[in-house]
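Student: this one's sequence-less:
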């Protein structure tokens, strides 16, 4: 058997042991834990208020787009900070590349602003 296949066999053995241990622990837990069926146990409970209506509530897509925009511009900071600390090393090439990066992100925020995505309702 080649060294390559032996490495994969080792990974497969560890995966099988992990799955076996997981099944063992879950099975043992289901045997040991108390099994008391209670109707109130399965009710939705929040802040001491009895649930009214069903649990389905739709959220406007605007909230998800707003969150994605936040993540996008948060990641921008992750890229700009290391660049700003080493700007003298990158020189003009690094400055122009970062300018292009910021312009593209600015176009994205301008587009979102024009589409009125940033208005919180």
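Tutor: Yep, that arrived. Keep in mind that this is a model prediction, so the values were computed, not measured.

Student: contacts, neighbours, all on C-alpha from now
Tutor: Noted.

Student: burial of residue 84, as a residue count?
Tutor: When counting by other CA atoms under 10 Å, one arrives at 13 neighbours for residue 84.

Student: I'd like the numbering to begin with 52 instead of 1 from here.
Tutor: Happy to do that; since the first residue is 52 now, the last one works out to residue 135.

Student: check which helices and strands the helix or strand that contains it sits against.
Tutor: Secondary structure from DSSP states H and E places residue 135 in helix 112-136. Contact analysis of helix 112-136 by 3 or more CA pairs under 8 Å, 6 or more residues apart in numbering; DSSP states H and E lists helix 138-165 as its packing neighbours.

Student: coming back round to it: now the angle between helix 138-165 and the helix holding residue 135, please.
Tutor: With axes from the mean of the first three to the mean of the last three CA atoms, to 10 degrees applied, the angle from helix 112-136 to helix 138-165 works out at 160 degrees.

Student: touching helix 112-136 from outside, list them.
Tutor: Residues from elsewhere that reach helix 112-136 (CA atoms under 8 Å, 6 or more residues apart in numbering): 145, 149, 156, 168, 169.

Student: separation between the third one and residue 121?
Tutor: Residue 156 sits 12 Å away from residue 121 when distances are taken as CA to CA, to the nearest Å.

Student: neighbour count winner among these two?
Tutor: Shown here are residue 156 and residue 121; by other CA under 10 Å, residue 156 has more neighbours (15 against 12).
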